[in-house]
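J.: Structure here, sequence nowhere to be found:
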């Protein structure tokens, strides 16, 4: 059996369709238009809004880098990584979305390091893999899918799939 | 001023990695504060504990745990949790009880036995917990957040890693004079630059360690202080425990995203700045009245941000202050004369109380080699996970 591809969190991003249609999914309050990511189902957190049932909304594909860093040491659980494997640092990017007027954090696409980034640079959201979990013999395990930020027009390919 | 409460006693357990229970640290700190105050434990009418989530059930009910360790004597008891702001909320709870006439003399205690390395969320699968999610989905440790702020400062204000290192050099020099500090050796800029990168651009010596430690205060009404023979005690004049205002537009622990500003324009001042502002307004003083400040230097770069948020300089002016030595011992406005988290490390529920201990000793003029001459007013600044403001103003 092939490894199951499972979103690391259900409902935070699109699962089907071509990569160029991949989107983060937030919610929008129908009354005040406030956007929330991670999604805020059930109520609106704007204190001046009486709220309504939030609706799912895809977030902008592109944004600009607000800041960035990397993790040179292995983070503790529940980060899914195999302690027997050598640690590969990951890059984190905080991205400002103009239309939503918010900043969304995410890992950078594989191969993108801090030297490839600059505050203000344009990036886009792409599908990626957070980690894999070995199977127990009855199946081949799980691939945890996630979102990645990738600089636009750098020539870097999405090596995650 | 009618809102004042007196600080009769301050005490600590030295910070380090001692490998013992938080109960022991808290008990020692409490005993030291009681001895400092000249108060017998049975005469304490209320005990307020700042909780630690790492101590298991006794940590969640820290007030009762410390009361049991000191010996049950029937006092009123309270336990509070607000992450890094737990200590300030404990101080505020004690103050509220005193001002409401519920108790004349209250013991405040916070202590922790921290794990080595990164702080991690509580165990189990908890996908509704933002703190669990940021580790699970992003591997976003606390230092990665500190590094995002540091990199942003470099891009917006032109700060350099060398500026950040100056904060460590300054705080290590102060901590070397403090017998309660964990790290008591001076540190050079070269040593900071030679330490390993944890989260670019921050290195190991830019980031505070996790530590064991304990701190305690004995607070009382002004009337009780007078009867007790303390005619001119250090006074707590304000405690800020404010939350942010919506939309919170700066990415903060443990959030994966900021609030959207499409419906409501964000406040012009940051959340961190609003914490200090609330304390100043309540105290009726301003930054120019300060003799010293104790701020939460989780990272060197973050200390520079606090300079701006507590009003020592305009936005972007933090690096200039540390470069000119204004915030060092002997400077115009010493910040973290205790040595700060850089010298103590983080013992979460104790740190905000420890900051007030330092203000107390400085305002009494008993801080020894690290004394700020003629200290009359000080502020502490801190911030707890999930939007807990924390600042205390003390005066003499």
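T.: Good, I have the coordinates. No experiment lies behind these values; they were computed from the predicted model shown.
J.: residues in contact with residue B:35?
T.: By CB atoms under 8 Å, 6 or more residues apart in numbering or on different chains, the residues touching residue B:35 are B:9, B:11. For the C-beta atoms, the positions are set from N, CA and C on the backbone; glycine is no exception.
J.: ok but it is inside a helix, no?
T.: Yes - under the criterion used here (DSSP: H, G, I helix; E, B strand; the rest coil), residue B:35 sits inside a helix.
J.: On the pLDDT front, check residue A:1 for me.
T.: Residue A:1 carries a pLDDT value of 54.
J.: again with residue B:115
T.: Per-residue confidence at residue B:115 stands at 86 (pLDDT).
J.: The one 10 residues further on now?
T.: Residue B:125 is assigned 90 on the pLDDT scale.
J.: again with residue A:16
T.: pLDDT recorded at residue A:16 is 82.
J.: So residue B:186 is in contact with residue B:174, correct?
T.: No - counting by CB atoms under 8 Å, residue B:186 does not reach residue B:174; the two are 9.9 Å apart.
J.: Give me the common contacts of these two.
T.: With CB under 8 Å, 6+ apart, residue B:186 and residue B:174 have no common neighbours.
J.: The two: which is more packed in?
T.: Using other CB atoms under 10 Å in any protein chain shown, the more surrounded residue of residue B:186 and residue B:174 is residue B:174, with 24 against 12.
J.: for the secondary structure element (helix or strand) that that one belongs to, which positions count as buried?
T.: Assigned by DSSP states H and E, residue B:174 falls within helix B:161-175. Going by neighbour count (16 or more other CB atoms under 10 Å in any protein chain shown), the buried part of helix B:161-175 is B:161, B:163-175.
J.: Stretch B:292-306 too?
T.: For stretch B:292-306, the neighbour count (16+ other CB under 10 Å) marks B:292-306 as buried.
J.: Which of those residues fall within strands?
T.: B:292, B:293, B:294, B:295 (DSSP state E).
J.: Residue B:148 - that's part of a strand, no?
T.: No - assigned with three-state DSSP, residue B:148 falls outside any strand and is helix.
J.: what about it, neighbour count?
T.: Residues near residue B:148, counting by other CB under 10 Å, number 26.
J.: picking up where we left off before, of the ones in strands among the buried residues of stretch B:292-306, closest to chain A?
T.: Closest approach between these and chain A, by CB to the nearest CB: residue B:295, at 21.0 Å.
J.: Spatially, what comes nearest to that closest one if we skip its sequence neighbours?
T.: The shortest distance from residue B:295 to any non-neighbouring residue, by CB to CB, 6 or more residues apart in numbering or on different chains, is to residue B:306 (3.8 Å).
J.: Residue B:123 versus that neighbour, what's the distance?
T.: Here the distance between residue B:306 and residue B:123 works out to 32 Å (CB to CB, to the nearest Å).
J.: Would you map the helices across the stretch 251-396 of chain B?
T.: B:271-283, B:300-309, B:318-323, B:340-344, B:348-364 (DSSP state H, counting those that start in this stretch).
J.: Of all these, which one comes closest to residue B:147?
T.: With CB to CB as the criterion, residue B:147 lies closest to helix B:300-309 of the helices of the stretch 251-396 of chain B, at 8.1 Å.
J.: doesn't residue B:106 fall inside a helix?
T.: No - per three-state DSSP, residue B:106 lies outside any helix segment and is strand.
J.: Which residue is the nearest non-sequential neighbour of it?
T.: Once flanking residues are discounted, residue B:106 sits nearest to residue B:94: 4.0 Å by CB to CB, 6+ apart.
J.: What about residue A:101, how many residues nearby?
T.: 20.
J.: So it sits against residue B:263, correct?
T.: No - using CB under 8 Å, residue A:101 makes no contact with residue B:263, being 9.1 Å away.
J.: Touching both of those two, which residues are there?
T.: Contacts common to residue A:101 and residue B:263, judged by CB under 8 Å, 6+ apart, are absent.
J.: Which strand in chain A has the most residues?
T.: Looking across chain A with DSSP E, the single longest strand is strand A:122-133.
J.: Is the next helix or strand after that strand positioned near chain B?
T.: Next along the chain after strand A:122-133, taking DSSP H and E as the criterion, comes strand A:142-151. Yes - contact of strand A:142-151 with chain B (CB under 8 Å from any CB of the partner chain) involves residue A:146.
J.: So which bits of strand A:142-151 are buried?
T.: By neighbour count with 16+ other CB under 10 Å, strand A:142-151 contains the buried residues A:142, A:143, A:144, A:145, A:146, A:147, A:148, A:149, A:150, A:151.
J.: tell me the domain ranges of chain B?
T.: Domain segmentation of chain B under automatic domain parsing yields B:5-115+B:213-236, B:130-206+B:239-395.
J.: of all these, which lies closest to residue A:59?
T.: Evaluated over the domains of chain B, closeness to residue A:59 peaks at domain B:130-206+B:239-395, with 9.2 Å, by CB to CB.
J.: now the closest one: mean pLDDT?
T.: 98.
J.: hang on, the earlier thing: out of the ones in strands among the buried residues of stretch B:292-306, who's nearest residue A:75?
T.: Nearest to residue A:75, judged by CB to CB, of those is residue B:295 at 26.4 Å.
J.: Low-confidence stretches in chain A?
T.: By pLDDT under 70, the weakly predicted segments of chain A are A:1-2, A:154-161.
J.: repeat that for 50
T.: For chain A, the stretches flagged by pLDDT under 50 are A:154, A:157-161.
J.: Okay, the residue sitting nearest the centre point of it and residue A:8: tell me how far apart.
T.: In chain A, the centroid-proximal residue (CA atoms, centre = their mean) is residue A:147; its distance is 3.0 Å. Distance of residue A:147 to residue A:8, computed by CB to CB: 9 Å.
J.: Same check on residue B:373?
T.: Plainly put, residue B:373 is 56 Å away from residue A:8 if you go by CB to CB.
J.: Around chain A, pick out the residues from the stretch 101-250 of chain B.
T.: B:117-118, B:120-121, B:123, B:125, B:127, B:130, B:132-141, B:144, B:147-152, B:155-156, B:196-202, B:246-247, B:249-250.
J.: Which ones among the residues you listed map onto strands?
T.: B:197, B:198, B:199, B:202.
J.: any chance of those residues in CSV, with neighbour count too?
T.: Listed next are those as CSV, based on neighbours: other CB atoms under 10 Å in any protein chain shown:
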residue, neighbour count
B:197, 18
B:198, 24
B:199, 28
B:202, 28
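J.: and which of the residues you listed is nearest residue A:14?
T.: Looking across these and measuring by CB to CB, the closest to residue A:14 is residue B:199, at 29.8 Å.
J.: and that closest one, bridged to which residues?
T.: Residue B:199 has the following beta-bridge partners by DSSP bridges: residue B:202.
J.: and what of residue B:106?
T.: Beta-bridge partners of residue B:106, as defined by DSSP bridges: residue B:46, residue B:219.
J.: The residue nearest to residue B:295 and chain A: what is the separation?
T.: 18 Å (CB to the nearest CB, to the nearest Å).
J.: Residue B:167 now?
T.: Taking CB to the nearest CB, one finds residue B:167 at 18 Å from chain A.
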